[in-house]
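> next one to model:
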Amino acid sequence: LAIAVQGSTGSDTLWKPLNNQLLLRTRHSSPMVRFAALQCTQAVAERLGEEYLTLVPETLPFIVEAMEDSDEGVESAARSLVSVLEGFLGESLNEYLVQ
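This next block holds a predicted model:
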């Protein structure tokens, strides 16, 4: 429901806070929550398409952390999100994914 609502507006006033809350969940103690947060973030990105690109700068630090996660599922979800974002950007994010 949230993804459908967020994708229906041309303003970031609703989807920017949603994205932020999802990203904060990528730091949760439970790997299942971190995994789900990354999947939801990817769903929002896919729904918004190129409109999501304005959120990439604030999203990247969370992705970097998730790519170093001890849980393989979380790491895989982070890589999947990177792939989606690279598709929108038309270029690699590798140079931004190093700490």
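> point out where this protein drops to low pLDDT.
For the chain, residues meeting the criterion pLDDT under 70 lie at 1-12, 99.
> quick one, what contacts the spatially most central residue of it?
Central residue of the chain (C-alpha atoms, centre = their mean): residue 41, 4.0 Å from the mean position. Applying C-beta atoms under 8 Å, 6 or more residues apart in numbering to residue 41 gives the contacts 19, 22-23, 26, 59, 81. (Glycine included, C-beta is placed from N, CA and C.)
> please apply the same query to residue 35.
Contact analysis of residue 35 by C-beta under 8 Å, 6+ apart lists 71, 73-74, 77.
> that one: which element?
Element membership of residue 35 [criterion: DSSP states H and E] is helix 31-48.
> do residue 63 as well
Using DSSP H and E, residue 63 falls in helix 56-67.
> how about the helix or strand hosting residue 79: buried residues?
Counting by DSSP H and E, the element that carries residue 79 is helix 72-89. Neighbour counts over helix 72-89 (16 or more other C-beta atoms under 10 Å) mark 74-75, 77-78, 81-82, 84-85, 88 as buried.
> cool, and stretch 51-58?
51-52, 55.
> mind putting those residues in JSON lines, distance to residue 95 included?
As requested, the buried residues of stretch 51-58 are exported to JSON lines (distance: C-beta to C-beta, whole Å):
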{"residue": "51", "distance to residue 95": "23"}
{"residue": "52", "distance to residue 95": "19"}
{"residue": "55", "distance to residue 95": "19"}
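> that older thread, between the buried residues of helix 72-89, which sits nearest residue 36?
Residue 36 lies nearest to residue 77 out of the buried residues of helix 72-89, by C-beta to C-beta, at 8.6 Å.
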